[in-house]
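**Q** Structure, please.
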Amino acid sequence: MRKIITLGITNVLLLTGCQTTTPTAPEPDLYFTARGNEPGWIVRFDAKKIAFEGDYGETKITVPKPQGRPSFNGMRYITDQLTVDVTHASCADVMSGQRYAETVTVLASGKEYRGCGGRQLPPESLNDTDWTVVMTEQMPIVPNVPNVPTSLRFTGGRVSGNAGCNNFTGSYTVKGGTINFGPIAATKMACGQKEMMQEAKLLSVLKSKVSMRYTVNGDLILTNESGQRATFRRVI
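**A** Numbers count the residues shown, from 1 in each chain. You can find the predicted model right below:
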C-alpha cells in the first residue's frame with residue numbers, strides 16, 4: 001500500500017511540474033509619455049486613450065486605448081491608425097542625452113517613429129549635464145531674481161551655476177557615489193533676504209565631500225557630511 005501511495009504522489013508531482021505559464025510583461029504606467037526627434041513627435045497614454053502628435057505637430061491622431069499585448073520584453077498597443085511598441089530597454093534621447101527606462105516605436109499612418117519614454121534614468125556621467133535647484137533642506141526654492149535662473153552645470157571637471165542670486169564656479173571630481181568639490185568662488189551681489197538665505201544653504205552643500213543619489217524620477221540629491229542636502233532636477 002505504501003508503494004502505491006508513494007507512486008501516486010510522485011505522479012501528481014510530475015504532472016504538476018509539467019504545467020508551465022508564460023510570464024506577462026508589465027504594462028507601462030497608466031499615464032505614460034514618450035517622445036522622439038527628427039521629426040519631433042510625442043505620444044501620451046492615459047486611462048482611456050492614446051494621443052499622438054508627429055512631424056512637429058502636423059500629424060495628430062487620438063484613439064481609444066486598446067488592451068496591451070505582450071511582446072518581446074515589452075507591450076504592444078495596436079489600433080487601426082496607431083501601433084505603439086514599448087520595449088523595456090533603456091534609451092537615450094539623441095538630442096539631450098537624457099536616458100529613459102523604455103524604448104518606444106510608433107507606427108502612425110504607415111510612418112515609423114522611434115524614441116524614448118517612461119521614467120527618467122540617471123545620466124551615465126555628470127559631465128555636460130545641467131540641473132535646476134528644486135529644494136534645499138527639504139524646502140522648495142523661492143523665486144529667483146528676474147532673469148537669473150537657479151542652476152547647476154557640470155562640465156570638464158568644473159561646476160558652475162547660479163545659487164539664487166550670485167553666480168558661482170569651482171572644481172569637482174566624482175568617485176563612486178561621492179563628489180569632491182574644490183573651493184567654490186561666488187560673486188558678491190546682494191539680493192532679498194529669502195534669496196540670500198537659500199543661496200547660503202545651497203552653497204554650504206557644495207563644499208568638500210558630498211554623497212549623491214538619484215530618485216526614481218531621476219532627481220539628483222546631494223548631501224554633505226553635515227547632513228545638509230539639496231535636490232536638483234535635470235534640464236533637458
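**Q** in which helix or strand would I find residue 230?
**A** Using DSSP states H and E, residue 230 sits within strand 229-234.
**Q** In terms of secondary structure, what does that strand contact?
**A** When contacts are defined as 3 or more CB pairs under 8 Å, 6 or more residues apart in numbering; DSSP states H and E, strand 229-234 sits against strand 129-136, helix 193-205, strand 220-224. All C-beta atoms are positioned from the backbone trio N, CA, C, and that covers glycine.
**Q** Each with direction, which strands does that strand pair with?
**A** strand 129-136 (antiparallel), strand 220-224 (antiparallel) (DSSP bridges).
**Q** burial measure for the closest residue to residue 78 other than its chain neighbours, as a count.
**A** Excluding the flanking residues, the one nearest residue 78 by CB to CB, 6 or more residues apart in numbering is residue 66, at 6.2 Å. By other CB atoms under 10 Å, the residues close to residue 66 number 14.
**Q** Just confirm residue 66 contacts residue 77, I think it does.
**A** Yes. With contacts counted by CB atoms under 8 Å, residue 66 reaches residue 77, the gap being 5.4 Å.
**Q** ok, what's across the strand from residue 108?
**A** Using DSSP bridges, the bridge partners assigned to residue 108 are residue 82, residue 111.
**Q** burial of it, as a residue count?
**A** Count around residue 108 with other CB under 10 Å applied: 21.
**Q** Name all residues that make contact with it.
**A** Taking CB atoms under 8 Å, 6 or more residues apart in numbering, we find residue 108 in contact with 52, 54, 59, 61, 81-82.
**Q** hmm, 10 Å instead?
**A** When contacts are counted by CB atoms under 10 Å, 6 or more residues apart in numbering, residue 108 touches 41, 43, 52-55, 59-61, 63, 81-84.
**Q** Can you tell me how far it is from residue 168?
**A** 46 Å (CB to CB, to the nearest Å).
**Q** ok, back up a step: tell me, what's touching residue 66 and residue 77 both at once?
**A** Counting by CB under 10 Å, 6+ apart, the residues touching both residue 66 and residue 77 are 50, 83-84.
**Q** What is the nearest of the residues you listed to residue 122?
**A** When those are ranked by distance to residue 122 (CB to CB), residue 84 comes first, at 25.4 Å.
**Q** And the helix or strand harbouring that closest one, what does it pack against?
**A** Using DSSP H and E, residue 84 falls within strand 82-87. Contact partners of strand 82-87 among helices and strands, from 3 or more CB pairs under 10 Å, 6 or more residues apart in numbering; DSSP states H and E: strand 32-36, strand 41-45, strand 49-54, strand 59-64, strand 69-71, strand 74-78, strand 99-108, strand 111-121.
**Q** Could you name the helices and strands sitting against the shortest one?
**A** Contact here means 3+ CB pairs under 10 Å, 6+ apart; on that basis strand 69-71 packs against strand 74-78, strand 82-87.
**Q** I'd like the ones you listed as a markdown table, with mean pLDDT appended.
**A** Below are the helices and strands packed on strand 69-71 laid out as a markdown table (pLDDT from 0 to 100):
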| stretch | mean pLDDT |
| --- | --- |
| strand 74-78 | 95 |
| strand 82-87 | 96 |
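**Q** Just list whatever residues bridge to the residue nearest the centre of the chain.
**A** In the chain, the C-alpha closest to the average C-alpha coordinate belongs to residue 120, at a distance of 1.1 Å (CA atoms, centre = their mean). Judged by DSSP bridges, the bridge partners of residue 120 are residue 100.
**Q** who touches it in this structure?
**A** Listed by CB under 10 Å, 6+ apart, the contact partners of residue 120 are 93, 98-101, 214-219, 233-234, 236.
**Q** Check these for burial and list the buried ones.
**A** 93, 98-101, 218-219, 233-234 (16 or more other CB atoms under 10 Å).
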